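**Student:** Structure here, sequence nowhere to be found:
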């Protein structure tokens, strides 16, 4: 069958494939438009497969939230270059993918690829889009939070589209939950900036806390050696780094030490009850640095650093006439955990000259 210019144009508009590839497809498939589309798709997939040795560590985060703030989904889609991540075709792919996750309740990338969209497998839709864009692109991680009547879910994607967070706040009633939707977004924004890795200090493994404690103490002592040499103020060396270490015995000993110091300073015992609580609070502050760095609820809230996130959410719940607490959050950042390839141009040239 003769392939006409009109047929080539039609296939090109339908697939966005190069003109010569469209002509080859139509020739190979005797002008059958559907078979030609499949022919192009298969070759697009083949080309993508050849890119498997490349590293896709750029990309964007996609977010979809239900109108009633009862459900939210996130996706991380990686590309090889930041340039492609700004492409309209890539943005459309991110938007369609997060919508598919939201609508199908997919729990993994593998499950997502097996879902249907517009009468075909989502994997086919995704791979066709990738073939059009012409770079290695992959959906890496997905997540969804679903709320009950007394819980609100909201989220935030940073302006660079590289960081996305969804947060769930459980309340005493549906009325309180409705009032907390803006607070949920604020907490998501906080998590975007402060990079918590877990919800609470209670989630930390004891061995991890122990190893971190030893490492931090050694690091601070080394830094103090340099500070002493430069005649700079020394940094306080903590005994502990997490609330999980501050047992009743530890706190009792801290109180005993504080009182002993007050006695040594000659402070009247009748005013100790006004001094001790503040110094105990300072002891906790100085010995929970890991919590403040990595546990969302224990971090100082960025919009009011006089309280931590847990206290800020509780205060918002109280203001709304009820109670509120963050029960879950998910934070995705593009490329985190991916070891990026560092090209050694000189070594590459030398290898080719050998």
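**Tutor:** Done, it's in. Just so it is clear, the structure is predicted and the values come from calculations on it, not from any experiment.
**Student:** alpha carbons only for contacts and neighbour counts from here, please
**Tutor:** OK.
**Student:** doesn't residue 325 fall inside a helix?
**Tutor:** No - per DSSP: H, G, I helix; E, B strand; the rest coil, residue 325 lies outside any helix segment and is strand.
**Student:** Spit out the contact partners of it.
**Tutor:** 169, 170, 171, 310, 313, 314, 317 (CA atoms under 8 Å, 6 or more residues apart in numbering).
**Student:** I'd like to know how far it sits from residue 289.
**Tutor:** Residue 325 sits 22 Å away from residue 289, going by CA to CA, to the nearest Å.
**Student:** for residue 259, same thing?
**Tutor:** From residue 259 over to residue 289 the distance is 24 Å, taken as CA to CA.
**Student:** try residue 279
**Tutor:** 17 Å.
**Student:** More neighbours: which of these two?
**Tutor:** Per other CA atoms under 10 Å, whichever of residue 279 and residue 289 has more neighbours is residue 289, with 20 against 15.
**Student:** pLDDT weak spots in this structure?
**Tutor:** Scanning the chain for pLDDT under 70 picks out 16, 42-56, 339-354.
**Student:** which helix in it runs the most residues?
**Tutor:** helix 206-229 (DSSP state H).
**Student:** what sits against residue 96?
**Tutor:** No contacts exist for residue 96 under CA under 8 Å, 6+ apart.
**Student:** Which is the succeeding secondary structure element to the helix or strand hosting it?
**Tutor:** Assigned by DSSP states H and E, residue 96 belongs to helix 88-104. Following helix 88-104 in sequence order, the next helix or strand is helix 109-113 (DSSP H and E).
**Student:** Report the contact partners of residue 117.
**Tutor:** Counted by CA under 8 Å, 6+ apart, residue 117 has contacts 100, 125.
**Student:** ditto for residue 78
**Tutor:** 56, 57, 58, 59, 60, 137, 138, 139, 140, 334, 335.
**Student:** That one belongs to a strand, doesn't it?
**Tutor:** Yes - assessed by three-state DSSP, residue 78 belongs to a strand.
**Student:** what about it, distance to residue 102?
**Tutor:** Distance from residue 78 to residue 102, by CA to CA: 19 Å.
**Student:** Residue 108 too?
**Tutor:** 12 Å.
**Student:** in the stretch 201-350 of the chain, which spans are strands?
**Tutor:** 324-333 (DSSP state E, counting those that start in this stretch).
**Student:** actually the stretch 51-200 of the chain, not the one I typed
**Tutor:** Using DSSP E, counting those that start in this stretch, strands in the stretch 51-200 of the chain cover 58-65, 71-79, 116-117, 120-121, 137-146, 151-157, 163-171.
**Student:** Nearest to residue 226 among those would be which one?
**Tutor:** strand 163-171 (36.5 Å; CA to CA).
**Student:** Just checking: what are the partner strands of that closest one?
**Tutor:** For strand 163-171, the paired strands and their directions (DSSP bridges) read strand 151-157 (antiparallel), strand 324-333 (antiparallel).
**Student:** Quick check: which of those strands is buried the most?
**Tutor:** Highest mean neighbour count among these (mean count of other CA atoms under 10 Å): strand 151-157, with a mean of 28.
**Student:** Specify the angle between that one and strand 58-65 in degrees.
**Tutor:** 150 degrees (axes from the mean of the first three to the mean of the last three CA atoms, to 10 degrees).
**Student:** and strand 151-157, how far out from the chain's middle?
**Tutor:** Here strand 151-157 is found 13 Å from its chain centre; the criterion is CA atoms, centre = their mean, to the nearest Å.
**Student:** same check, this time on stretch 25-42
**Tutor:** 41 Å.
**Student:** Numbering from 5 from now on, please.
**Tutor:** Done: numbering now begins at 5, and the last item shifts to stretch 29-46.
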